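J.: heads up, no residue letters with this:
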């Protein structure tokens, strides 16, 4: 069993602790702003350790749109590299927890549609893209198919 390594970033670690410690009944908004977040549990591609990342909740039917904005920083957040190499994740949305598989969106029409959904849910994404020369990656987390 892999070891969980909490984030070294104070607010991220506290957000995850509050969210998960309450079973998904508290800490479900970004820094208590009212903007809903999910917790994505993934595996570190270098360490093999379990990582947990709060991300804006952007729903698309039964899937989630994950945006690697990092506030418009010049580099992708570490979780982006993890998902590219290890796409099996677990998504906690309040009290619901489900296994999912992510894929980076390459199709331009799909990406454009999902980007609009993301910006509608969290308008600062538009400014973040303007701040950086990198193209902010967009992923879709889709429910894992269960065997019949």
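T.: Nice, thanks for sending it over. These numbers come from a predicted model, not from an experiment. Numbering: from 1, shown residues only.

J.: Centre of the chain to stretch 31-45, how far?
T.: 6 Å (CA atoms, centre = their mean, to the nearest Å).

J.: Quick one: end-to-end length of that stretch, please.
T.: End-to-end distance of stretch 31-45: 27 Å, with CA to CA, to the nearest Å as the criterion.

J.: Repeat that for stretch 59-71.
T.: 20 Å.

J.: oh, and call the first residue 29 from now on, that's how I've got it
T.: Happy to do that; since the first residue is 29 now, the last one works out to stretch 87-99.

J.: Now do the buried residues in it.
T.: Under the neighbour-count criterion of 16 or more other CB atoms under 10 Å, stretch 87-99 has 91-98 buried. For glycine as for every other residue, the C-beta is placed from the backbone atoms N, C-alpha and C.

J.: Dump the residues you listed into CSV; add distance to residue 62 as well.
T.: As requested, those are exported to CSV (distance: CB to CB, whole Å):
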residue, distance to residue 62
91, 23
92, 19
93, 19
94, 20
95, 18
96, 23
97, 19
98, 22
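
J.: Now residue 87, what are its backbone angles?
T.: Per-residue torsions, residue 87: phi -90, psi 140 (degrees, to the nearest 10).

J.: so what's it up against?
T.: Going by CB atoms under 8 Å, 6 or more residues apart in numbering, residue 87 touches 93, 145.

J.: biggest helix in the chain, by residue count?
T.: helix 136-149 (DSSP state H).

J.: how about it: buried residues?
T.: For helix 136-149, by 16+ other CB under 10 Å, it's 139, 142-143, 146-147, 149.

J.: tell me what the helix or strand just after that helix is packed against?
T.: Per DSSP states H and E, the first helix or strand lying C-terminal to helix 136-149 is helix 152-159. Applying 3 or more CB pairs under 8 Å, 6 or more residues apart in numbering; DSSP states H and E, one finds that helix 152-159 contacts helix 136-149.

J.: helix, strand or coil for the residue positioned nearest the centre of the chain?
T.: The centroid of the chain falls nearest to residue 83 when counting by CA atoms, centre = their mean (4.0 Å). Taking DSSP: H, G, I helix; E, B strand; the rest coil as the rule, one finds residue 83 in the strand state.
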